[in-house]
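Asks: Make a model of this:
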Amino acid sequence: MKDFWYYVPTRVNFGPSCFQYLVDTIHQWGTKPLIVYGGGSIKRNGAYDAVVSRLKEANIPYAEMGGVAPNPRYESVLEGNRICREELCDILLPVSTREALEAAVQNEAAVTELSRRYQVVGIHMFWPSLERGETAHCRNFAPLYAIPEEAATGTSNGALTYYLYRQGKLRPGDESRFLQGEHMGKPSEILSRLEEGDGSVKIRVGGRAVLTLGLELL
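Replies: Just a heads-up that it's a prediction; the model follows:
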């Protein structure tokens, strides 16, 4: 076996006094925590109520995942990942012209407050060109997470795919192409495909990448 370095930074707050650090820790890493617990002892011993009441006092939204077995299996990790992806929300903001999209100037303080108030990541602004070969031009703002503007946002364009489908602008099986980052001088191309089956909808999101630097690990 070859030597390797494995770096997985983790912070653990343990003990009766850990609740006093709860809100500060959440603000350090994000805005919406996922509470993960097992068979229910957390509710019987009062720890769950203590955490939830502290979150509500601080107006912090949360999601939860219960029933995780001891020595959790890979399927539990996938379920937690699914919850985190579904709880990731944006405000979708359509504009009438591409000129309006390019001319938009963000008020970071206002967008930050709006994102915090409605418990969303940010605003995904788009102009639905719906032309052959392209679905929409987009800009994404998430100043609450110290991202004034993002050049490529797969999760937001996945949500936009479903929105356009619900509006009757896309059909199952259509491949969508979203252009983002143009205003930043960092153009990106996000591709998505929506599929129906067994009473549910599945959206696949991907894109293209360009290799700019190659390294060889010794």
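
Asks: Show me what counts as buried in stretch 134-153.
Replies: When burial is assessed from 16 or more other CB atoms under 10 Å, stretch 134-153 yields the following buried residues: 135-144, 149-153. For glycine as for every other residue, the C-beta is placed from the backbone atoms N, C-alpha and C.

Asks: Low-confidence bits of the protein, can you list those?
Replies: In the predicted model of the chain, residues 1, 27-31, 81, 84-89, 209-210 satisfy pLDDT under 70.

Asks: Tell me the helices and strands packed up against the longest strand seen in it.
Replies: Counting by DSSP state E, the longest strand found in the chain is strand 188-197. Other helices and strands packing on strand 188-197, by 3 or more CB pairs under 8 Å, 6 or more residues apart in numbering; DSSP states H and E, are helix 154-166, strand 175-180, strand 200-207.

Asks: got these as a markdown table, with mean neighbour count and distance to Glu131 columns?
Replies: A markdown table is the format used below for the helices and strands packed on strand 188-197 (neighbours: other CB atoms under 10 Å; distance: least, CB to CB, whole Å):
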| stretch | mean neighbour count | distance to Glu131 |
| --- | --- | --- |
| helix 154-166 | 20 | 13 |
| strand 175-180 | 21 | 10 |
| strand 200-207 | 13 | 19 |
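
Asks: Make CSV from the ones you listed and add distance to Ser17 to it.
Replies: Listed next are these as CSV, based on distance: least, CB to CB, whole Å:
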stretch, distance to Ser17
helix 154-166, 36
strand 175-180, 45
strand 200-207, 42
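
Asks: how about the helices in the chain?
Replies: 22-29, 41-44, 47-57, 74-87, 98-103, 108-117, 154-166 (DSSP state H).

Asks: Which positions in the longest strand of the chain come out as buried?
Replies: 188, 190-194.
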